[in-house]
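**Student:** One predicted model, sequence on top.
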Amino acid sequence: MDRNGLAACAALLTGTLVATLIGCSPGGPGQPVPVAATASASPSGEASASAAGKEALVDRDDALAKALKPLLDDDGDARVSVAVAALDGSVDGAAYDGGSAFDTASIVKVDILAALLLRAQDAGRVLTSQERAYATAMIENSDNASATALWEAIGGAEGLDAANLTLGLTGTRAGAGGEWGLTQTTAGDQLTLLRAVFGPDDADSGLSGASRAYVAGLMERTAADQRWGVSAAADSVSACALKNGWLPRSTTGLWDINSVGRVTVGGKPYLVSVLSDGNAAKEAGVALVEGVAKAAVAVLTG
């Protein structure tokens, strides 16, 4: 190749590189370079896959925020957080304000039972008949006296916090002074707990396969009058396993309304956690949580 040919090639390569760096295509200024095309310059292709995955996640978060906008009253006191994921990991999950802390109310009862099962596993024993009776009443009927008994059995706040280290709940802090319903958690942490319960047998959650099946079974048999919340997103009320929490705050008169669980939509399982507070009434909070749950699942299924 003569000197003029070499110069032309160098100019072409330089123009392509500069265009890529400034976000323009060699075809002319203002023409965007697709992320996938830029990332695919990696010989291994790993950069392309990583970039595509991040784009999908960001897009779903944005889609979820847009889907929730009509449901949120800017003039009201209600606040909401949600996280959703496909149990099989076939699509990226989505979250809205997933890192904010909320009171658990009675959804902490799933966490209490998980802590009890971890302690039993460490001791190499099964639950006693009394513990199983408490667990059934606590999850299926949301019995508070049973929750208090098991709270004490796990060592109270210290025991719950220790269990959550094993379970991977990094943003959850047990309620002080025996107030288990005032445990603080995040929607993201609740999704982690749901994965620990409903995940595959080889999931590194600390819970054995038998323990996971036990918790899931109780959540599948929640009392009929408590099968609201995330169940609104399921194909049918029977196609879900869930635990709800509701708590009127004496200082404000406003309600904490939460719902977490596994729902089946189109034959596929999804994990959903919805937390809310500042609701004017229980009914208003339930309607909000159900609307948010349906919108969140629709972002993944749509």
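**Tutor:** Right, received. Where do you want to start?
**Student:** any idea how far residue 177 is from the residue nearest to residue 178 when sequence neighbours are not counted?
**Tutor:** Ranked by Cβ to Cβ, 6 or more residues apart in numbering and with sequence neighbours excluded, the top spatial neighbour of residue 178 is residue 156, at 6.6 Å. Backbone N, C-alpha and C define where each C-beta goes, glycine included. Residue 156 sits 9 Å away from residue 177 when distances are taken as Cβ to Cβ, to the nearest Å.
**Student:** out of these two, which sits in the more crowded spot?
**Tutor:** Between residue 156 and residue 177, counted using other Cβ atoms under 10 Å, residue 156 has the larger neighbour count: 17 against 8.
**Student:** Next, residue 256: secondary structure please.
**Tutor:** Applying DSSP: H, G, I helix; E, B strand; the rest coil to residue 256 yields a three-state assignment of strand.
**Student:** Next: the one 3 residues further on.
**Tutor:** Reduced to three states with three-state DSSP, the structure at residue 259 is strand.
**Student:** Now do the contacts for it.
**Tutor:** When the contact criterion is Cβ atoms under 8 Å, 6 or more residues apart in numbering, the partners of residue 259 are 107, 228-231, 242-245, 272-274, 289-290, 293.
**Student:** Buried residues, the helix or strand containing residue 290. List them.
**Tutor:** Counting by DSSP states H and E, the secondary-structure element that holds residue 290 is helix 282-301. Of all the residues in helix 282-301, those buried under the rule 16 or more other Cβ atoms under 10 Å are 284-297, 299-300.
**Student:** ditto for stretch 63-80
**Tutor:** Buried residues in stretch 63-80, counted by 16+ other Cβ under 10 Å: 63-64, 67-68, 71, 78-80.
**Student:** Now that stretch - C-alpha only, PDB.
**Tutor:** Once side chains and other backbone atoms are set aside, the C-alpha atoms of stretch 63-80 remain, and they are given as PDB (Å, rounded to 0.1, in the frame of the first residue of the first chain):
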ATOM      1  CA  ALA A  63     -41.000   1.100  33.500                       C
ATOM      2  CA  LEU A  64     -42.000   0.200  37.100                       C
ATOM      3  CA  ALA A  65     -41.700   3.800  38.300                       C
ATOM      4  CA  LYS A  66     -43.900   4.900  35.300                       C
ATOM      5  CA  ALA A  67     -46.500   2.100  36.000                       C
ATOM      6  CA  LEU A  68     -46.700   3.100  39.700                       C
ATOM      7  CA  LYS A  69     -47.100   6.800  39.100                       C
ATOM      8  CA  PRO A  70     -50.900   6.700  38.600                       C
ATOM      9  CA  LEU A  71     -51.300   4.700  41.800                       C
ATOM     10  CA  LEU A  72     -49.400   7.100  44.000                       C
ATOM     11  CA  ASP A  73     -51.200  10.200  45.500                       C
ATOM     12  CA  ASP A  74     -48.700  13.000  45.600                       C
ATOM     13  CA  ASP A  75     -50.900  14.900  48.100                       C
ATOM     14  CA  GLY A  76     -51.300  12.000  50.600                       C
ATOM     15  CA  ASP A  77     -49.100  10.600  53.300                       C
ATOM     16  CA  ALA A  78     -48.900   7.100  51.900                       C
ATOM     17  CA  ARG A  79     -45.400   5.800  50.900                       C
ATOM     18  CA  VAL A  80     -44.700   2.600  49.100                       C
END
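**Student:** and it, how far out from the chain's middle?
**Tutor:** Relative to the mean C-alpha coordinate of its chain, stretch 63-80 is positioned 18 Å out (Cα atoms, centre = their mean, to the nearest Å).
**Student:** in the chain, which helix or strand is least confident?
**Tutor:** Ranking every helix and strand in the chain by mean pLDDT, DSSP states H and E puts helix 35-39 at the bottom, with a mean of 30.
**Student:** And residue 83, its phi and psi?
**Tutor:** Backbone torsions for residue 83, taken as degrees, to the nearest 10, come to phi -140, psi 140.
**Student:** what residues are up against it?
**Tutor:** Contact partners of residue 83, counting by Cβ under 8 Å, 6+ apart, are 93-96, 98, 187-188, 190-191, 272-273, 296.
**Student:** what's the most distant pair in the buried residues of stretch 63-80?
**Tutor:** The distance between the two most remote of those (Cβ to Cβ) is 21.5 Å, for 63 and 78.
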